[in-house]
Every structure is written in structure tokens, then in C-alpha cells.
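Participant: below are the sequence and a predicted model; questions follow.
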2 protein chains.
Amino acid sequence: MDRASYHSVIVSVSLAGKGVSIYCSVSALNLSGLTKLPVLISPSLEEARRELVIGLEARRLLVMVASCTVEYSGRTGSHLGEGERLVIVKGDGCILVHRGRDYQPVNWQPSGCIIQAQASNGTLVLKAVRPSPLESLTLVVKDVQFLGTFLLQDDAEFVLHASEEEMQRAIILQPDVIEQGFKILDFEKKVPPGFVDVYGVDTEGNTVVIEIKKDPAGFPVIKQLLEYLKYLQAPPGKKLRPMIVAPSIAKGAQPALAKSGIEFKQLTLQKAVAILQKYARSDQQALKSWL
Amino acid sequence: MDRASYHSVIVSVSLAGKGVSIYCSVSALNLSGLTKLPVLISPSLEEARRELVIGLEARRLLVMVASCTVEYSGRTGSHLGEGERLVIVKGDGCILVHRGRDYQPVNWQPSGCIIQAQASNGTLVLKAVRPSPLESLTLVVKDVQFLGTFLLQDDAEFVLHASEEEMQRAIILQPDVIEQGFKILDFEKKVPPGFVDVYGVDTEGNTVVIEIKKDPAGFPVIKQLLEYLKYLQAPPGKKLRPMIVAPSIAKGAQPALAKSGIEFKQLTLQKAVAILQKYARSDQQALKSWL
DNA sequence: CGTGCCAGGTGCCGT
DNA sequence: ACGGCACTTGGCACG
């Protein structure tokens, strides 16, 4: 690829409505050709609509900065007056409307809905309908500041080191982390109100019922565990030992814990990860980089 | 504004690293000047970093499509290998990393964190640190496909028609919706396990304890209400009438409801909204457009 | 600041 | 489909 080919760039300036439409056609990948880089700056609504339809068809990632109103109707309803927002449409048919602040989108539609863009009376209407539960999101676009359509090359795997699941796996791999001689009989054991995380016996033959929390254990988990206990019983002459495994106890939960006869065993995420590291050689690669 | 001024466009083509850097400087607002439209297409990492710093400083909305790795460490930890993602940084200091699919971001940081962009060894590192709880998100950017910085003009108010709150307001405005002659004594009344949504008396002087749900009422709400009842009692010679107000009863919850002696009163969101419409003239404007 | 609770919660997995 | 539950849940209101 020679130096000259880098300059194979088309810039066409057109007058679209009241705005300026700059069409930068560039490709870093195909420099010798005149491949269009799908970025529109202040396009007319009709140009934007055309590009949206192409992007939706190709299931590309659409990123639009536009002035619009947003209506939602479905499980409930919402209304948002006109203003400039960031609109994202993904290849799997989900849509996000973000304002200039806040972590969460002001409106959205989960993946799997039908999205269409149509011109309507001098405005561009973007509609996203979710079949079940039936709900629809409607954007009436008055002005598009920016519209880009991208294809994201992304095959990497996402690895999350978190959660009860890793703590549970650590306990299963090394039951001694609970106490010397602890033996696991079952996990995710079904009882009417829900599932017992870990279920086992101590060296005395007592039944140990464990509820795991990755966060400081508070009142809800105590109630949950007591609820489970109603449906469980120890072997004749043995005790039922309810136990909460968590990194810590929540502020005011200590008295309730003592009163209800529930034991507490500290297990931090770090320790759980260390145990997994020790036992699961195959996981070492994925785990070594964090912490 | 004459036609010629629309062409006041600067396009500079530079060779940045292995990529092409097209710098389209345009403004639809200030066409006579050479105001920069902050959109970079395949900039060098140094160009991107400079633009990011400027955008962060000005608390603008940053939208970047880039190939990067993502590390998270805090309450838990995560790792995501290299791939192309959509990165959003908002003015309030939150950051979202979106992949090409899925409603939710693969990684993020809520608002209020400190974000910095720095060059590092041939890569661009974007770091977002949240002070409390202490957690950090680190993006190592290898290649930037697109970077735009926007200022969103958006003063509209968001109106959500939803939730228990509207149902509660409807009941408070028109207690008859529960039953003829029902009188409200209190709402959000504190009991040890939580709060009673609505608390009142019927025409017989019996105490009515209402729990509101906007979704079909299932087992959890029954348990919740029974929990509250333990801490409440009717006047001498009167009854305690626990009642669930919801659009419907969940599938298998009917028997449990009957068994526990809890009454059910249907109230849909639509009806609640209608009541609010009738009573709150000032709200009519906001409510009239939906449904 | 923790504690409780709602959310258009979402997502995952099970019957 | 409904049920139970975790989530880097986020968000708000309140003691």
C-alpha cells in the first residue's frame, strides 16, 4: 500500500435542509478503493433515514446524536420532550437512548425487538417494538447531528470473577474452608421457598445448611436461611447448623444472627479465588491477572 | 448566511501510525468561522488522547469506537481481551463500554468517578476510578476507529408513568377505589420489617392494611404483608384486614392468598392514572399523551 | 454514611 | 410461559 493511496478520500459537501451535510468517505482498511466510511455529520433527515435503514439491514452498530422526543408505552409508559441525545442501536435489535448524564439510559428496548426507521412529515421516526411483553419505543427525530454505523470485530471472552458462584465453587473444591472435616452432601438443594446453596454434615454428623453471600450479610439473608430451615431436619439425635458464609456481617445484623442461632463463617472473594487458583490449574490463566 | 460559507470546510489528511487520520472540521452553527467539529476518524492514539483530554476537561459527551482491552477491579473483578467496542464517557463522570450486542454494557463505572486518559508505551490508557466503593476500570486502547465529542442540549423533563407511587397516589386521592367509605389513616407507616403502603379503616372500624404492587402479586408480597401484620393490631372488637392491591394475582398465588386470609383488590395502572387525571388538573398536561 | 426497597430493573436457569 | 434469584445491580429516600 503506497503513500498516495492514503489520500483516496472523498469529501462531498451538500446542502441538506438547513444544515450542512459533510460526507467523509474513507476507509482505513480498503484505501485503494473508495469504500464509504459510514459517518454522517449533520445529514438531512432523509439521508439519515437511508443510512439507518442500510445499517439496520446489515445489523451494524448504529450510533446517532440527534435531537428527538421519546415515547415509551408498554409495561408502563413514559414521555421525554425534545432534546439532544445519544441513540444506540445494536445488531441484536436492542436500542438505548442516553442523555448527557447518568449511567443508565433514559429509555431503551432490550434485544430482540423489531426496529424500523421511516420518514414522516418532515421528521424521522425510529420505532422499536418488542413482541412480548408488547411494548414500543418511539423516537421522533427532528435533527441529526451525527450518525455513524460501525461493525465491531470482537470475539474476546468476558471473564467475571465474582459472585456467589465462585465462592460456592471454592467451598465445593475445598470444604475444609468451612471447617475441618466438613463434608458436602448436596448443593443448590431444593426446598419449597428456594434453594439451599450448600448442604452437608460436620464431623459429629450434624447437618450444616449454608447460605452464601458475596456482600456483607444482612437481615434478608437471615430471614431467607430461617425460611429454609423450616423444611429441613437433622438426623435423629443430631443438630441442624444454619450457617451464613460471607465476607462480613452487615452493621446491625449481628444481634439477629446470634438470636436466631445462625453461625457465621467468613469467606472473602479473594480467599475464594485463591482456592480456585490452587485447585483449578486450567483456570489459572484466566485468574492470574486480576487482584 | 450565504451558500459559499457552507463550504468553509477544512479537511486535513495526515498519516497517523498505520492508520489514516481524517480531520473534518465543520460547524453547522458557526459556518463562517473555522470552528472544529470534534469528530476524529481513525486518529492516531496521540491525537485521540489529546481530544479525549479536551473533551473530559469540558465535560462533553465522548463517544469512541476503538479496539481495546478492559480490566475491572473493585467489588469484584473482570477481564475482557482485545476487541472493538463502543466507549461512552459522560459529563458526570460515568463510563460505559458496550459490545456489538446486548442491552447492558460489558463494563462500566457509575457517575462520579475520576477519569483520565494517558499515553502509555504506544497505547492509550483510559482509567476510571470510583472513590467509594473503591473500584477502577482500565481500558487499554490499541486503535481508535472513531472519536466524537458532543455537547448535548437537553433540558426536557422525563416523565415516567409507572410504579407503585402512582397507584398509591390514586388510592390516597380517592380511597373509595378500595371500597366505599374506606378512610386512610396513614401511608408509608413504619413497622419493624419495613413500611406499610397504606393504612386505614373501613366503615365498620376494622383496620385495613394495604400492600400495593404494580406487578401481578405473587408469594413474596404475601409473605411481606404477613410479616407486617405481626406488628399491627386492630382496635378492640375489630378485625385486621390485610389487603393486596395489584393489577392481578400471580399464577400460583391464589391458594396461598386465600389460606392466609388476605383480601385482593384489583387496581390497574390505567385506572390509577385515570384517577390521577381526574383529580390532579395540573398533572393532566403530562399525563394526557400516553395510553 | 448504612439499610430498605423499587425498577419499564436485566439476565440466567429451572419446571 | 412462570418462578426463584443473583447482579460490579443502580437509584432514591430516610435514620
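Facilitator: Here it is on my side, so go on. As the structure is a computational prediction, the values presented were derived from the model and not from experiment.
Participant: C-alpha from now on. contacts and neighbour counts both.
Facilitator: Fine.
Participant: check which helix or strand covers A:M243.
Facilitator: strand A:240-246 (DSSP states H and E).
Participant: neighbouring strands - and their directions - for that strand?
Facilitator: Here strand A:240-246 is paired, per DSSP bridges, with strand A:207-212 (parallel), strand A:263-266 (parallel).
Participant: what's the following helix or strand after it?
Facilitator: That would be, after strand A:240-246 and using DSSP H and E, helix A:253-259.
Participant: list the buried ones in that next one?
Facilitator: By neighbour count on 16 or more other C-alpha atoms under 10 Å in any protein chain shown, the buried set for helix A:253-259 is A:253, A:257.
Participant: and what of stretch A:198-211?
Facilitator: A:198-202, A:205-211.
Participant: hmm, it in reach of DNA strand D?
Facilitator: No. Shown here: stretch A:198-211 not in contact with DNA strand D (C-alpha under 7 Å from any atom of the strand), separated by at least 7.8 Å.
Participant: and the end-to-end length of that stretch?
Facilitator: 7 Å (C-alpha to C-alpha, to the nearest Å).
Participant: average pLDDT across that stretch?
Facilitator: Average pLDDT, stretch A:198-211: 94.
Participant: do the same with stretch A:133-146
Facilitator: 95.
Participant: could you check how far that stretch is from the centre of its chain?
Facilitator: Stretch A:133-146 sits 22 Å away from the centroid of its parent chain (C-alpha atoms, centre = their mean, to the nearest Å).
Participant: swap in stretch A:135-151?
Facilitator: With C-alpha atoms, centre = their mean, you get 22 Å for stretch A:135-151.
Participant: is DNA strand C within reach of it?
Facilitator: Yes. Judged by C-alpha under 7 Å from any atom of the strand, stretch A:135-151 and DNA strand C are in contact via A:135, A:137.
Participant: how is chain A divided into domains?
Facilitator: A:44-150, A:163-287 (automatic domain parsing).
Participant: deepest of those domains, which one?
Facilitator: Highest mean neighbour count of the domains of chain A: domain A:44-150, a mean of 20 (counted as mean count of other C-alpha atoms under 10 Å in any protein chain shown).
Participant: what parts of the stretch 151-291 of chain A come near DNA strand C?
Facilitator: A:218-220, A:250-253.
Participant: sorry, back to before: and the strand holding A:M243, average pLDDT?
Facilitator: Strand A:240-246 comes out at a mean pLDDT of 94.
Participant: which other residues reach it?
Facilitator: Applying C-alpha atoms under 8 Å, 6 or more residues apart in numbering or on different chains, the external contacts of strand A:240-246 come out as A:206-217, A:222, A:225-226, A:229, A:233-234, A:261-268.
Participant: all strands for the stretch 151-291 of chain A, in order.
Facilitator: A:158-161, A:183-191, A:194-201, A:207-212, A:240-246, A:263-266 (DSSP state E, counting those that start in this stretch).
Participant: quick one: closest of these to A:M167.
Facilitator: strand A:207-212 (7.5 Å; C-alpha to C-alpha).
Participant: restricting to C-alpha, output stretch A:242-252 in PDB.
Facilitator: Extracted as PDB, the C-alpha positions of stretch A:242-252 are listed here (Å, rounded to 0.1, in the frame of the first residue of the first chain):
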ATOM      1  CA  PRO A 242     -27.600 -23.000  59.900                       C
ATOM      2  CA  MET A 243     -24.600 -21.000  58.600                       C
ATOM      3  CA  ILE A 244     -24.000 -17.900  56.600                       C
ATOM      4  CA  VAL A 245     -20.800 -17.700  54.600                       C
ATOM      5  CA  ALA A 246     -20.000 -14.100  53.600                       C
ATOM      6  CA  PRO A 247     -17.100 -11.700  53.600                       C
ATOM      7  CA  SER A 248     -18.600  -9.900  56.600                       C
ATOM      8  CA  ILE A 249     -21.700  -9.200  58.700                       C
ATOM      9  CA  ALA A 250     -23.800  -6.200  57.900                       C
ATOM     10  CA  LYS A 251     -23.900  -3.400  60.500                       C
ATOM     11  CA  GLY A 252     -26.900  -4.200  62.700                       C
END
